[in-house]
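Asks: I need the structure of the sequence given here:
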Amino acid sequence: MTHPKSLSVTVLLTFLVALGPISTDLYLPSLPSIARDFGSMTAQVQLTLSVFLAGFAAAQLIYGPLSDRFGRRTALLIGLVTYIAATLICTFAASIEVLILGRFLQALGGCVGPVVGRAIVRDVYGREEAARVLSYMALAMALAPALGPILGGYLEVWFGWRANFAALLCIATLGLTGTLFLLPETNRWLDATATQPKRIATNFATLLRDPGYVGYMLLVAASYSGIFAFISGSSFVLIDTLGLTPDLYGLCFAAFVVGYMGGTFLSGRLSRRLGLERLIQIGCLCSCLGGTAAVGLSAAGFLSVGAILWPLFVFMIGTGLILPNAFAGAIGPYPKMAGAASALLGFCQMVIAACVGIAVGLGADGTALPMTSAIALAAFCGLAALYGLVRRQAAPSTEGSD
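Replies: Numbers count the residues shown, from 1 in each chain. Modelled structure (predicted):
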């Protein structure tokens, strides 16, 4: 095993946390092809995304307490083995219903990377330093959704949509191997009662009574909902409506993610100077500006690649400033139940985003307006959470310190 602050462990954690976004983004260029292959409606194919998020959300409530009780390594190994088995089902699915089921099971395993990975960062670095580390991890992790649709587009063109799930199988196997041979146990506060229903309920109730935690949680959920609105609707707008090929769509998606990478880079550089709350404030203003411009152009009838991507590039800079700092702000005050705090945060993030994704799918009308409206609404909800809860909280609650 290597030292938990070593570069190899940081790279592994980034890899594991990225398992969630790459599981949603790699096969995005294949969504129209899957619909044609199975003769399915757009909303039904988009269920492979929304059901994934629903399963992703629910299982986090299990892995968080599990990692607090038995350790981070044990939880990761269980989740990764589950993910690999489910990905095999997706790869060989014979119907859209089997694919939807496989995606749900895949989510039950895939969520272990983000929820336990964030808890490990909190274990190793503490509250304030965790914001900086999560920012740089998010910058590196953004390569997954940036490169994922590009790779997925080429795999779709060359081999068909099933090749995307074969690629996910290889990625998960690498993650499992790295966890087995590189990752030490980092949980110094193993809690024998952490998986007891009464204790889980008590921990979650403690978190939900903290306005600061709730505010950060809603910030994360709002920001990710905006991202997921684009994930859910962009392939149909850019490929079906604007006529882009799957590989060109991947390049457009990468441009979208570059904005997020820029935000996370700025966050890492400025976190010590400005502090996480100030960076979140700047991020919310950027997101609102980009979201407003996007929905305004869509409502005015400007439907082009540039009219979609440029405003959303600004939106993504804002989310890059918000997300790592909001994660650190939420989990930081709770070192002894970091797994539970990360799990509840991830659960709410995914449930709300899944609902947004379903709404975008049901509202699809051949224009970008349903997608951009959801993004703009998410941005302003995040701003409301910042000023309505986070900034009204004089000092963060804490149940312990390092």
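
Asks: just checking, what packs against the helix or strand where residue 158 lies?
Replies: If you go by DSSP states H and E, residue 158 is part of helix 143-159. In terms of contacts (3 or more CB pairs under 8 Å, 6 or more residues apart in numbering; DSSP states H and E), helix 143-159 is packed against helix 19-25, helix 162-182, helix 246-274. (Glycine included, C-beta is placed from N, CA and C.)

Asks: let's see it at 10 Å
Replies: helix 7-17, helix 19-25, helix 31-38, helix 162-182, helix 211-235, helix 246-274 (3 or more CB pairs under 10 Å, 6 or more residues apart in numbering; DSSP states H and E).

Asks: how big is the angle separating that helix from helix 246-274?
Replies: Relative orientation of helix 143-159 versus helix 246-274 (axes from the mean of the first three to the mean of the last three CA atoms, to 10 degrees): 170 degrees.

Asks: run the chain-centre distance for helix 143-159.
Replies: The chain centre lies 18 Å from the centre of helix 143-159; the measure is CA atoms, centre = their mean, to the nearest Å.

Asks: avg pLDDT for that helix?
Replies: The predicted model assigns helix 143-159 a mean pLDDT of 80.

Asks: that one vs helix 162-182, what angle?
Replies: Using the same axes, to 10 degrees: helix 143-159 against helix 162-182 is 140 degrees.

Asks: contacting residues for residue 237?
Replies: Shown in contact with residue 237 (CB atoms under 10 Å, 6 or more residues apart in numbering): 230, 244, 249, 298, 303, 305, 308, 360, 364, 366-372.

Asks: who wins on neighbours among the residues you listed?
Replies: Each of the contacts of residue 237 was scored for neighbours by other CB atoms under 10 Å, and residue 372 scores highest at 31 neighbours.

Asks: buried set for the helix or strand harbouring that residue?
Replies: Of the helices and strands defined by DSSP H and E, residue 372 is found in helix 369-385. By neighbour count on 16 or more other CB atoms under 10 Å, the buried set for helix 369-385 is 369-379, 381-383, 385.

Asks: format the CA atom coordinates belonging to that helix as PDB.
Replies: Only the C-alpha atoms of helix 369-385 are listed here, as PDB (Å, rounded to 0.1, in the frame of the first residue of the first chain):
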ATOM      1  CA  LEU A 369     -35.600  25.700 -25.100                       C
ATOM      2  CA  PRO A 370     -36.500  22.900 -22.600                       C
ATOM      3  CA  MET A 371     -32.900  22.100 -22.000                       C
ATOM      4  CA  THR A 372     -31.700  25.700 -21.600                       C
ATOM      5  CA  SER A 373     -34.800  26.600 -19.400                       C
ATOM      6  CA  ALA A 374     -33.800  23.900 -17.000                       C
ATOM      7  CA  ILE A 375     -30.200  25.100 -16.900                       C
ATOM      8  CA  ALA A 376     -31.200  28.700 -16.200                       C
ATOM      9  CA  LEU A 377     -33.700  27.600 -13.500                       C
ATOM     10  CA  ALA A 378     -31.000  25.500 -11.900                       C
ATOM     11  CA  ALA A 379     -28.500  28.400 -11.800                       C
ATOM     12  CA  PHE A 380     -31.000  30.700 -10.000                       C
ATOM     13  CA  CYS A 381     -32.000  27.900  -7.600                       C
ATOM     14  CA  GLY A 382     -28.300  27.700  -6.600                       C
ATOM     15  CA  LEU A 383     -28.100  31.400  -6.100                       C
ATOM     16  CA  ALA A 384     -31.100  31.200  -3.900                       C
ATOM     17  CA  ALA A 385     -29.500  28.400  -1.800                       C
END
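
Asks: that'll do, ta.
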